[in-house]
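Colleague: from the sequence below, what's the structure:
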Amino acid sequence: MRKRIYTDTSVVGGCLDVEFRNDSRALFAEFNSGASIIVLSSLTLAELEKAPEAVKNIIREIPTEFVEYIAFDEEAQELAETYLRESIVTGKSRVDAQHIATATINNVSVLVSWNFKHIVNLDRIHGYNSVNVKFGYSMLEIRTPTEVLKYEN
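Modeller: Model (predicted):
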């Protein structure tokens, strides 16, 4: 079964960033081949509207059968606000909390990001998941693209 990988904007932009491009591009090669499914939320799509065309083109190149679109909905909004109330992140990071909540509600295999301050951060991951468990949701795997790439033996 293919992994459903919620991908935030930092990973898409990472394809054009010197520091992150190798692993971001390798992950997008997996999406393009169908080895994994890219899960894009309405949040990510809204952020990408402001991105340069070169960044938008990265998403456009993925065959549609390997793309899953999900919506940021009322349930995700409520969960994101719970993360804020529980002080996992502050209001300045509301969109990051919304990404986590959307991925959680939609039971993705993993969320990938290059955002080390508010997302791929061990204390924050523990915080998000403690809220998820407390309110009856599954724990969410949160990783960098490097950690989810398939390596050949």
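Colleague: the helices in this structure, which residues?
Modeller: Assigned by DSSP state H, the chain shows helices spanning 9-14, 21-33, 42-48, 53-60, 74-85, 94-105, 122-134, 145-148.
Colleague: of these, which approaches Trp114 most closely?
Modeller: Minimum separation from Trp114 across these (Cβ to Cβ) falls at helix 9-14, 4.0 Å. The C-beta positions use only the backbone N, C-alpha and C, and glycine is treated the same way.
Colleague: go ahead and name everything in contact with the closest one.
Modeller: When contacts are defined by Cβ atoms under 8 Å, 6 or more residues apart in numbering, helix 9-14 is touched by residues 20-21, 23-24, 27, 44, 47-48, 51, 55, 58-59, 112-115, 145.
Colleague: re the thing from before, for the helices of the chain, which one sits closest to Phe66?
Modeller: Checked against Cβ to Cβ, the stretch from the helices of the chain lying closest is helix 21-33, at 5.6 Å.
Colleague: and the closest one, what's buried?
Modeller: Asp23, Ser24, Ala26, Leu27, Phe28, Glu30, Phe31, Asn32 (16 or more other Cβ atoms under 10 Å).
Colleague: the third one reaches Thr144, doesn't it?
Modeller: The reference is to Ala26. No - using Cβ atoms under 8 Å, Ala26 is not in contact with Thr144, being 11.7 Å away.
Colleague: re the thing from before, kindly reformat the buried residues of helix 21-33 as TSV containing pLDDT.
Modeller: Conversion of the buried residues of helix 21-33 to TSV gives the following (pLDDT from 0 to 100):
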residue	pLDDT
Asp23	97
Ser24	98
Ala26	97
Leu27	97
Phe28	98
Glu30	96
Phe31	97
Asn32	97
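Colleague: what would those residues look like in TSV with distance to Val67?
Modeller: Output for the buried residues of helix 21-33, formatted as TSV (distance: Cβ to Cβ, whole Å):
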residue	distance to Val67
Asp23	20
Ser24	16
Ala26	18
Leu27	14
Phe28	11
Glu30	13
Phe31	8
Asn32	10
